[in-house]
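Asker: Generate coordinates for the sequence data below:
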Amino acid sequence: MTRMLSSVVVEPQVTPTASVIWLHGLGANGHDFEAILPELKLPEDAAIRFIFPHSPSISVTINGGMVMPAWYDIFEMGAGRKLNTEQLLDSAKSVSMLVDHEIASGIPSEKVLLAGFSQGGAVAYQVALTYPKPLAGLLALSTYFPTAPEIEVSNANKQLDIELMHGSYDPVVLPSMGKEALSALEGLGFTPNWREYPMEHQVCYPQINDISQLLQAKLLN
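Answerer: Model prediction:
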């Protein structure tokens, strides 16, 4: 059953006029990217609410069936990754409910930006491209696009701004998987931007600076 996710919510010092919903990767939780906020060095009066949802904890096949935070089960690693698509779609519905909640709280849909790292990015692709109202953008971090073959893009987000950021040496989500996502997006009519950094499956300071500039350009102007 789809349910509202519990989240770490970081409110701005002023009344928020924009929201970022940021999804963590496998085995992490909503606190994972909360630590990046000071590093973004946003203006003190930046009116952005940050929402870092916690995924449910489920049994993960590739980790010997261990129960851990995950947006969906992964059956096989590698470039041809096999996963539980039904769980991914259910997680996407839960995240869509968070977007609904932000809009209901008075944030315009055009000022809601989705971000996701690794597994969280795969879910963010599904949410952002199918959401029925226009969104501010999608930030796809070290991730891949497993639902590309069957996704039905909503008319509202056919022009969505999409930023792909990937590590050149990523051994977990190979750069080729990020490039496949880029090609799939172009095939769907998008004009995404690709940025590559000399790092593994992580984030780095030049990238954090780029994210900060992107958020300020999209959400504070």
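Asker: Where does the residue nearest to the spatial centre of the chain sit: helix, strand or coil?
Answerer: Nearest to the mean C-alpha position of the chain, counting by Cα atoms, centre = their mean, stands Gly116 at 2.0 Å. Using DSSP: H, G, I helix; E, B strand; the rest coil, the structure places Gly116 in strand.
Asker: Please name the bridge partners of it.
Answerer: Taking DSSP bridges as the rule, Gly116 bridges to Leu23, Ala140.
Asker: Can you point out the buried residues in the top helix by length along the chain?
Answerer: In terms of residue count, the longest helix belonging to the chain (DSSP state H) is helix 85-104. Residues of helix 85-104 classed as buried by neighbour count (16 or more other Cβ atoms under 10 Å): 87-92, 94-103. In short, each C-beta sits where N, CA and C put it, glycine included.
Asker: Next: stretch 160-177.
Answerer: Neighbour-count burial for stretch 160-177 [16+ other Cβ under 10 Å]: 160-167, 170, 173-175, 177.
Asker: How about stretch 42-55?
Answerer: Across stretch 42-55, burial judged by 16+ other Cβ under 10 Å covers Leu42, Ala46, Ala47, Ile48, Arg49, Phe50, Ile51, Phe52, Pro53, His54, Ser55.
Asker: Go ahead and list the helix or strand containing the fifth one.
Answerer: In this case it means Arg49. Using DSSP states H and E, Arg49 sits within strand 48-53.
Asker: what does that strand rub up against?
Answerer: Applying Cβ atoms under 8 Å, 6 or more residues apart in numbering, the contact partners of strand 48-53 are 5-12, 16-24, 30-34, 37, 42, 94-95, 98, 102, 107, 215, 219-220.
Asker: Give me the buried entries from those residues.
Answerer: Of the members of these, the ones counted as buried by neighbours, 16+ other Cβ under 10 Å, are 5, 7-8, 12, 16-24, 30, 32-34, 37, 42, 94-95, 98, 102, 107, 215, 219.
Asker: Which pLDDT value goes with the nearest residue to Leu214 once chain neighbours are set aside?
Answerer: Among residues not flanking Leu214 along the chain, Glu163 sits closest, at 6.1 Å (Cβ to Cβ, 6 or more residues apart in numbering). Per-residue confidence (pLDDT) for Glu163: 98.
Asker: Glu163 reaches Arg195, doesn't it?
Answerer: Yes: here Glu163 lies in contact with Arg195, judged by Cβ atoms under 8 Å, at a distance of 7.1 Å.
Asker: Can you pull out the low-pLDDT segments for this protein?
Answerer: 1-3 (pLDDT under 70).
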